[in-house]
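Engineer: take this sequence and fold it.
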Amino acid sequence: MKNKTILFLGLVAIFFAFTVNVSAQTPVQPVLPTLPQRQVDISMPNTTGYATMTVNDTGNPTTNGQNLQTAVNNASCNPEGTIIYLKAGVNYDVVPTNGITLPAKNCAPGKWIIIRSDAPDSSLPSEGVRINPSYAPLLPKLRKTGVNGSTFFVPVNGNHYRIMFLEFTTTVNTTINSLNHITLGDGSGTGPQDTLAEVPRYLVVDRVYIHGSDNPARASRRGVTTDCGDCAVINSYISQIHEVGFDTQAVGGWNGDGPVLIDNNYLEAAGENIMFGGAVSKIPGVNPNDITITRNHIYKPTSWFAGMPNYAGVRWSIKNLFELKTGVRMLVEGNILENNWDDAQDGSAFVIKTTNSVGASGPTWPLTSDITIRYNKVINARGGVGGSGGCYPDVVGSACTPRVRFENNIMWDMGAYWSDRYMLLVSGAKSTYSPPTDLSLEHNTIIVTDKWNVAAANQANNVIAIDGAVAAGQTPFERFAFHNNIMGWGNAQYGIHESCSVGGVSTPCTTANSWFKNIFYDRTGCAHPNDVCTSGTALPMASVGFTDSANNNYKLIPSSLGYRAATDGKDVGADVDMVNSKTVGVISGVWSGSQTPPPPPPTSSCTNPPLVPSGFATPCPVLSLSASSV
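Structural biologist: Okay, the predicted model is just below:
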């Protein structure tokens, strides 16, 4: 009996040892985000039977603007729509603070009011093709001449407006502050848009050229504000959106419920090129929902960076390329995000968190959740993902920024020109932040360029930093997953740093199962037991097995240690072929299936001379590479 007992206990011990071992070898499986559930219909309406109106040139730009307002007021969309033609190349000056108001109309289903250039369609970009500045002579020019406000403003219940083939800019001789070129909805915080029933809907900005001025006295705070539902910004070119000492965005919103589509645009802004949240939402319980952001070139010119030889001499407030403070069910796919550095913030390409941006006096319902970021390219940024997932104490709820996923993205020349601190910063160093749940990063390729040449104090402390604090009985970073990625170690002093606490007691932020089948090059040995690595020996970038890293082709060759070595049997790192197919037309704005391509832009896609500090590689030529070369 004694021997049987010993045998039984031995089998139990073996069983539990095996169970623990199996558990340790099973990757964490996060709950995946829900994709957008509603889409915006951007198809051109059949305009047969539409009335037409033409706002002719009177020789007085101010009178032209007044006549445009009269035409909009008189336009009908019931039983048929109306096309309002503006004269190509003619100035229409807008004086009132609210600009040209596009009021609510009682539109018949599917009928629109279209405001556009009178230039023939044959001389303009076809449907699905991005406009660019070379078309300016064919576009009517909407110029805001009053201080503050908007050029076009859609108030509560505004609906069924399509804005096409127009140029929006500032005037030559008037100081402009807080200018929003196109404002879709009322997010002022003092306006009447505080119920879902008042949100403007069915609004499309298509093939529009919006730009500010590099004269700091004529600032542009926002290109298009999207406090709306069923609205879209597509095929447009938005540039020179900046203001000294203030936050600016090419596209942003906070007081509408969506859905919103941002597709096939060139987006240039100093603060955040795209941002949702950041101001007070006035509709109880509502966040921007069902946002689709695809095929955009999201760019900051290096002439805005004081450290570059081609610096233009104005210190704009530089923050991030993409930021979320609120937003639910977002897809960010097939974009190219380019150039970001340490200035007003730490220079991360992406910043994702939950906050009401006001504090204890603000609303408690803001939420950022279900965010999918995939098949994008990020080039020349100080950091990759910053502040990801943190919740500020001004927000309450059962979950903190749940279900954020970065998947199949390629980032290169990270930290190359403006030093670096983090490739991934999760939550933040403040104990008042709450960690996210179900944050996952899988199948990404992140190339950290070891060319910093900066003071040691400014070099990277960590390539990954994870911090957070939770109350006793809670788990920090539940189901955090970092699997199947390739990442450079660079000059990181500490590499991967975790600092979490539970009820004030220091504890690890993640589990061993959070890290599976990753390749960290430029380091010796394995960062985690389940990495794909060469134990005890150095792994330089040249030994990873990229097809042609000198030309940014990061597809793995069959002899690579990461080839077919991921947890799903695929290559470690990003699916390069899929990323290429998703971004092939981003630089030009022309895609397979588009019609007549536009003429080339007035400058190359490298909008600045290839001037960089001594010892650094030129940042711009990478843009001339075909997408298949990555």
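Engineer: distance check, Pro79 against Asn320.
Structural biologist: Look at Pro79 and Asn320: by C-beta to C-beta, to the nearest Å, they are 47 Å apart. For glycine as for every other residue, the C-beta is placed from the backbone atoms N, C-alpha and C.
Engineer: those two: which is more packed in?
Structural biologist: Applying other C-beta atoms under 10 Å to Pro79 and Asn320 shows that Asn320 carries more neighbours, namely 28 against 9.
Engineer: across the sheet, point out what pairs with the more buried one.
Structural biologist: With DSSP bridges as the criterion, Asn320 is bridged to Glu272.
Engineer: mind listing what it touches?
Structural biologist: Gly271, Glu272, Asn273, Met275, Asn340, Gln345, Gly347, Ser348, Ala349, Phe350, Val351, Gly386 (C-beta atoms under 8 Å, 6 or more residues apart in numbering).
Engineer: could you report the pLDDT at it?
Structural biologist: With respect to pLDDT, Asn320 has a value of 91.
Engineer: from Gly386, how far out is it?
Structural biologist: Computed as C-beta to C-beta, the Asn320 to Gly386 distance reads 7 Å.
Engineer: common neighbours of these two, please.
Structural biologist: Residues touching both Asn320 and Gly386 (C-beta under 8 Å, 6+ apart): Gln345, Gly347, Ser348, Phe350, Val351.
Engineer: want to try TSV for these, with neighbour count, distance to Ser581 and secondary structure as columns?
Structural biologist: Listed next are the shared contacts of Asn320 and Gly386 as TSV, based on neighbours: other C-beta atoms under 10 Å; distance: C-beta to C-beta, whole Å; DSSP: H, G, I helix; E, B strand; the rest coil:
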residue	neighbour count	distance to Ser581	secondary structure
Gln345	20	32	coil
Gly347	24	29	coil
Ser348	29	27	strand
Phe350	28	22	strand
Val351	23	27	strand
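Engineer: quick check, nearest of the residues you listed to Asn73?
Structural biologist: Closest approach between these and Asn73, by C-beta to C-beta: Val351, at 41.4 Å.
Engineer: name the helix or strand for the closest residue to that closest one other than its chain neighbours, please.
Structural biologist: Using C-beta to C-beta, 6 or more residues apart in numbering and skipping residues adjacent in sequence, the residue nearest Val351 is Glu323, 4.4 Å away. In this structure, Glu323 sits in strand 320-324 according to DSSP states H and E.
Engineer: buried stuff in stretch 284-302?
Structural biologist: For stretch 284-302, a neighbour-count test (16 or more other C-beta atoms under 10 Å) marks 286-302 as buried.
Engineer: stretch 95-105 now?
Structural biologist: Residues of stretch 95-105 classed as buried: Val95, Pro96, Asn98, Gly99, Ile100, Thr101, Leu102, Pro103, Lys105 (neighbour count, 16+ other C-beta under 10 Å).
Engineer: swap in stretch 246-257?
Structural biologist: Asp247, Thr248, Gln249, Ala250, Val251, Gly252, Gly253, Trp254, Asn255, Gly256, Asp257.
Engineer: can I get stretch 101-121 in PDB, CA atoms only?
Structural biologist: Output of stretch 101-121 as PDB, limited to C-alpha atoms (Å, rounded to 0.1, in the frame of the first residue of the first chain):
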ATOM      1  CA  THR A 101     -23.000  77.700 -42.900                       C
ATOM      2  CA  LEU A 102     -24.400  74.500 -44.500                       C
ATOM      3  CA  PRO A 103     -27.800  74.300 -42.600                       C
ATOM      4  CA  ALA A 104     -30.100  71.400 -42.000                       C
ATOM      5  CA  LYS A 105     -32.200  70.400 -45.000                       C
ATOM      6  CA  ASN A 106     -35.200  68.200 -45.400                       C
ATOM      7  CA  CYS A 107     -33.500  65.900 -48.000                       C
ATOM      8  CA  ALA A 108     -35.200  63.100 -49.900                       C
ATOM      9  CA  PRO A 109     -33.500  59.800 -49.500                       C
ATOM     10  CA  GLY A 110     -30.200  59.700 -51.500                       C
ATOM     11  CA  LYS A 111     -30.400  63.300 -52.600                       C
ATOM     12  CA  TRP A 112     -27.600  65.700 -52.000                       C
ATOM     13  CA  ILE A 113     -26.400  69.300 -52.200                       C
ATOM     14  CA  ILE A 114     -23.100  69.200 -54.000                       C
ATOM     15  CA  ILE A 115     -20.700  72.200 -53.900                       C
ATOM     16  CA  ARG A 116     -17.900  72.000 -56.400                       C
ATOM     17  CA  SER A 117     -15.700  73.600 -59.100                       C
ATOM     18  CA  ASP A 118     -17.200  74.300 -62.500                       C
ATOM     19  CA  ALA A 119     -14.100  72.800 -64.100                       C
ATOM     20  CA  PRO A 120     -15.000  69.800 -66.300                       C
ATOM     21  CA  ASP A 121     -14.700  66.400 -64.700                       C
END
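Engineer: now that stretch: average pLDDT?
Structural biologist: Averaging pLDDT along stretch 101-121 gives 97.
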